[in-house]
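Q: Quick one, structure for this:
(2 chains)
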Amino acid sequence: MFGAADFGTLIKYFIMYGIGFILGSYGGLFSEASGIINIALEGSMVFGAFMGLIFLQGMNSWCAGTFLVTTSGGLIIVYLLGCLVAILAGLLFSYLLSFVSIKLKADQTVVGTALNTVAVAICTIINTQITHIDSPETQNNIFSSILLVRTGNAFIDNAFSGLNFSVVIGIIAIIALWLIMNKTRLGLRLRACGENPAAADSVGINVYRMRYVGTAIGSSAAGLAGFIIFSCMPIGTWQINALGYGFLAIAIEIFGNWKATNIIYCSLFFAFFFAFAPTFTAALSNLGINNPVSGTIFGARPFYYLLPYLLALITLVIFSKKSRAPKAEGIPYNKSSR
Amino acid sequence: MNNFLNKCKDFFRPVAITSHSILKREGSKNLISAAISILLGLFLGFIVMLLVEPSGAFKGLGALISTGFSNAQNFNRVVYKAIPMIFSGLSIAFAFRLNLFNIGITGQVTLGAFCSIIVGLSGANWFICLLVGMLSGAAAGLICGFLKAKFGVNEVLSGIMLNWVIYYFIGLCGRIWLPNSFKDRIETSNLLVMPDNGRMPSLGIPNMGDISVGLIIAIIVVAVIFIVLNYTNFGFELKMSGRNKDAAKYSGVSQTKSIILALLISGALAGICGYMLYSDPIAPSKFLWDSGSNTLLSDGFNGISVSLIAQNSPIGCIFSSIVLTVIDSAQNTLSTISGSYNVHYTELIKSVVIYLAALSSFIGILYRRLNEKIDAIPYFSRDEKNINSKGA
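A: Here you go, the predicted structure:
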């Protein structure tokens, strides 16, 4: 019933969501570790994904027929540039949050909430200016016809067609971010600024700069995450909307207890269910009349989507006592109050 | 002549002093920073329109401000859209008193709407539906509050999780347990419609049939919340716990009780919002129990915006939700002015307004400095010595 092809599709979604969720929650981790609550992850994802996809679309029309779109080496370059565009977009977007919450000491939750709608509004307006279509949609299946893998093996075909080179960059980014957070001076300084900014300041760390850096890295990671998820989506058009993955990233980050390694496990947990739900129910409905669970809750797709959230809530209740957030999170740092 | 001027100055002095002392209050500071953010938001929208299509920009700005009030039908629409937003704004504002960010409001709104429609379809009258909506929202809020108070689970996290649990649970209900007779057959079957018996009774104002008993309920609830927050022990305890948790604990305020009650009431208000969204007396919106695209209702998040612009003041929620719906109502008019203005301009303006509203603390600092400068002018001071010297 769950054949090699289905298993391949499952793996594909697992890779796509897994990398997207890890990067997204690292985005939250980096800014919260430095002391800025980033509710605007959803907005960063939308902005990064939109800019990257628009760039791909532009490359497709301007460079039609050149080696960039016809050879696989060229495609790798295009996707590499697309990732860079998404990262830069996230970086730019982060200043909308960090400037007002560090310099002007605004309420970070409020700014983040507003930015989520700002991102969607800006993207839809840019989109209508570029594409001249009134509906807020943008194509994302531009290169998919070239990227189809055909080896004859159903498992490999399904697992790797549709994924693009941005996945590799995503994996590199995850490793780099993990190293930065756990093994470098920068990571230690970031965490110090989130834990006790006054103490960090007293030993000569520039708290404001660290917070700018933390938010910038965070938003760029989220932008890349958005680009990876939505450029690998099999749907032809993308309503400019991050489908709540940004909020899920925040949840995963809290669930992972603000620890870079735990976040990886938690992301993979959610990614598994997000990959399992559509493939398993599709396989079930292919059975038709032989479907043993038809009409019960085990045959309905929402049940499998509901499961990870419910399990996560239960886990949280069990392990809740150990949970701890960065202490200075959400409090604007005031040098004069030290 | 000089004498006359001095007399004028003396005559207006009490007025100046009182108006200055009114402007110095916290409330007027909030009002002014909200007004500044709204004006700047509109200005930015105007600039964007000017860049895109200069010829229609002034017309567009006019439309943004006036469409909501241009005729009875538009005003009707503004009021009936604003009422559920008032409730969602109140819900967020109430939890914010305790520094709780009730992001689970989306789930509470959805659950309230779903349960009240189900009860309405089973034949209950509007008041029962309202109660059921309120109670189901409160139940969802209670879960968040209980998890926060007893297990220390971050309310943002449990809220986000519960939003999706409720969303998929309703999808599951619709697929498996919901009888087919409940489903709306006119369009696709994943829609539910509140029947006549469950809709709010209209107040019967000519040309404004959508203005219903909901308006009266909204005014009463705002008044009650205002009194509870500002003039009762419970409200004071909430405020104290929000400002300084440890001091509140030390003076004997139970944190568990405050957290659970705050989120319970917040959820109840969100539940009422859910009921009102789908029970308009004339043409109620249809409730989508399975959108197929995994998107949550945006109405809960609108409540966050309402409350933010109102600086978490219950009475401010009325005005901020009206401002947002007035901007919203200009959507169609804008696209008739010029083809290049699309419906997303109103979204942009709204989000800029919210973004600027977050800067209220910054505006507050500037405002305080201005007030200190005015205080330094002897004319505005209530100093005894000045009054004596004047009398002499």
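Q: What segments of the stretch 151-300 of chain A are helices?
A: A:154-160, A:166-183, A:185-195, A:197-202, A:207-232, A:245-255, A:260-287 (DSSP state H, counting those that start in this stretch).
Q: ditto for the stretch 201-350 of chain B
A: Applying DSSP H, counting those that start in this stretch to the stretch 201-350 of chain B gives helices spanning B:213-231, B:233-243, B:245-250, B:255-277, B:299-309, B:314-329, B:331-337, B:344-357.
Q: Please apply the same query to the stretch 51-200 of chain B.
A: Using DSSP H, counting those that start in this stretch, helices in the stretch 51-200 of chain B cover B:57-66, B:72-96, B:105-121, B:126-151, B:155-176.
Q: Look at A:Gly194 and say how many residues are nearby.
A: 29 (other C-beta atoms under 10 Å in any protein chain shown). All C-beta atoms are positioned from the backbone trio N, CA, C, and that covers glycine.
Q: meant to ask about A:Thr281, not that
A: Neighbours of A:Thr281 under the rule other C-beta under 10 Å: 19.
Q: What separation do you get for it and chain B?
A: 11 Å (C-beta to the nearest C-beta, to the nearest Å).
Q: Is that residue in contact with A:Arg301, as I believe?
A: Yes: between A:Thr281 and A:Arg301 there is a contact at 4.3 Å, judged by C-beta atoms under 8 Å.
Q: what separates the closest residue to B:Ile337 other than its chain neighbours from chain A, distance-wise?
A: Spatial nearest neighbour of B:Ile337, chain neighbours left out: B:Gly56 (4.6 Å); criterion: C-beta to C-beta, 6 or more residues apart in numbering or on different chains. From B:Gly56 over to chain A the distance is 15 Å, taken as C-beta to the nearest C-beta.
Q: Please apply the same query to B:Pro195.
A: 25 Å.
Q: Contact partners for that residue?
A: Each residue near B:Pro195 by C-beta atoms under 8 Å, 6 or more residues apart in numbering or on different chains is listed here: B:Gly120, B:Leu121.
Q: residue ranges with poor pLDDT in chain B?
A: Scanning chain B with the threshold set as pLDDT under 70 gives B:1, B:180, B:184-189, B:291-295, B:338-343, B:361, B:381-392.
Q: Run through the residues of the stretch 51-200 of chain A sitting next to chain B.
A: For the stretch 51-200 of chain A, the residues in contact with chain B (C-beta under 8 Å from any C-beta of the partner chain) are A:96, A:100, A:104-107, A:109-111, A:113-118, A:120-122, A:124-125, A:128-129, A:134, A:136.
Q: right, and B:Thr346 touches B:Leu64 too?
A: Yes: the pair B:Thr346 / B:Leu64 is scored as a contact, 7.5 Å apart, by C-beta under 8 Å.
Q: now the strands for the stretch 1-150 of chain A?
A: According to DSSP state E, counting those that start in this stretch, the stretch 1-150 of chain A carries its strands in the segments A:137-139.
Q: Can you show me the helices along it?
A: A:4-33, A:41-62, A:67-70, A:72-98, A:108-131, A:144-147.
Q: How confident is the prediction for the spatially closest residue to B:Leu172 that is not a sequence neighbour, by pLDDT?
A: Spatial nearest neighbour of B:Leu172, excluding adjacent residues (C-beta to C-beta, 6+ apart): A:Pro302 at 4.5 Å. With respect to pLDDT, A:Pro302 scores 80.
Q: which phi and psi does A:Pro302 have?
A: phi -60, psi -30 (degrees, to the nearest 10).
Q: pretty sure it contacts B:Ile166?
A: No: A:Pro302 lies out of contact with B:Ile166 (C-beta under 8 Å); the separation is 10.9 Å.
Q: Quick check: neighbours shared by these two?
A: Residues touching both A:Pro302 and B:Ile166 (C-beta under 8 Å, 6+ apart): none.
Q: Most proximal residue of the stretch 201-350 of chain B with respect to chain A?
A: B:Leu348 (3.8 Å; C-beta to the nearest C-beta).
Q: Can you give me the distance of that residue to B:Gly89?
A: 21 Å (C-beta to C-beta, to the nearest Å).
Q: which one of the two has more residues nearby?
A: With neighbours defined as other C-beta under 10 Å, B:Leu348 and B:Gly89 compare such that B:Gly89 has more, 33 against 20.
Q: How about the more buried one: what's its closest non-neighbour residue?
A: Sequence neighbours aside, B:Val306 is the residue nearest to B:Gly89 in space, at 3.1 Å (criterion: C-beta to C-beta, 6+ apart).
Q: Just list the residues touching that neighbour, thanks.
A: B:Met85, B:Ile86, B:Ser88, B:Gly89, B:Ile92, B:Cys317, B:Ser320, B:Ser321, B:Leu324.
Q: thinking again about what came up before, out of the helices of the stretch 151-300 of chain A, flag the one nearest B:Gly214.
A: Evaluated over these, closeness to B:Gly214 peaks at helix A:245-255, with 29.5 Å, by C-beta to C-beta.
Q: and that closest one, what does it pack onto?
A: Applying 3 or more C-beta pairs under 8 Å, 6 or more residues apart in numbering or on different chains; DSSP states H and E, one finds that helix A:245-255 makes contact with helix A:4-33, helix A:41-62, helix A:207-232, helix A:260-287, helix A:301-319, helix B:155-176.
Q: what's the closest of those to B:Cys144?
A: Across the helices and strands packed on helix A:245-255, closest to B:Cys144 is helix B:155-176 (C-beta to C-beta), at 5.0 Å.
Q: Show me what that closest one packs onto, helices and strands only.
A: helix A:245-255, helix A:301-319, helix B:105-121, helix B:126-151.
Q: Return the list of helices and strands in contact with the third one.
A: When contacts are defined as 3+ C-beta pairs under 8 Å, 6+ apart, helix B:105-121 sits against helix B:72-96, helix B:126-151, helix B:155-176, strand B:191-192, helix B:255-277, strand B:287-288, helix B:299-309.
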